[in-house]
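S.K.: here is a sequence together with a model predicted from it:
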Amino acid sequence: MVVMYNIMGRQVGSHYLALGILTSLFAGIGYASSGGAKKVTGSTPPINASSKD
């Protein structure tokens, strides 16, 4: 038996709410554990100045 909720004027089943919560939970975990952007190294050569000019 499905419990129906009235959300924004529409009848929504409890199973749809549960699927939406689980989907957003796992998507959030996947996004958080994906890591940040990789830094590109070597795009400019290092500056090795020997004089104070």
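M.R.: Sure, I can see it.
S.K.: now the residue nearest the centre of the chain: phi and psi?
M.R.: Residue closest to the average C-alpha location in the chain (CA atoms, centre = their mean): Tyr31, at 3.4 Å. Here is the backbone geometry of Tyr31 (degrees, to the nearest 10): phi -70, psi -40.
S.K.: mean confidence for stretch 19-27?
M.R.: Confidence for stretch 19-27, expressed as mean pLDDT, is 97.
S.K.: tell me the spacing between the nearest residue to Met4 once chain neighbours are set aside and Val3.
M.R.: Using CB to CB, 6 or more residues apart in numbering and skipping residues adjacent in sequence, the residue nearest Met4 is Gln11, 4.7 Å away. All C-beta spots, glycine's among them, are computed from the backbone N, C-alpha and C. Gln11 sits 10 Å away from Val3, going by CB to CB, to the nearest Å.
S.K.: go on, Gly20?
M.R.: Going from Gly20 to Val3 by CB to CB gives 15 Å.
S.K.: also Ile29?
M.R.: Taking CB to CB, one finds Ile29 at 27 Å from Val3.
S.K.: over to Ser51?
M.R.: On the measure of CB to CB, Ser51 and Val3 end up 78 Å apart.
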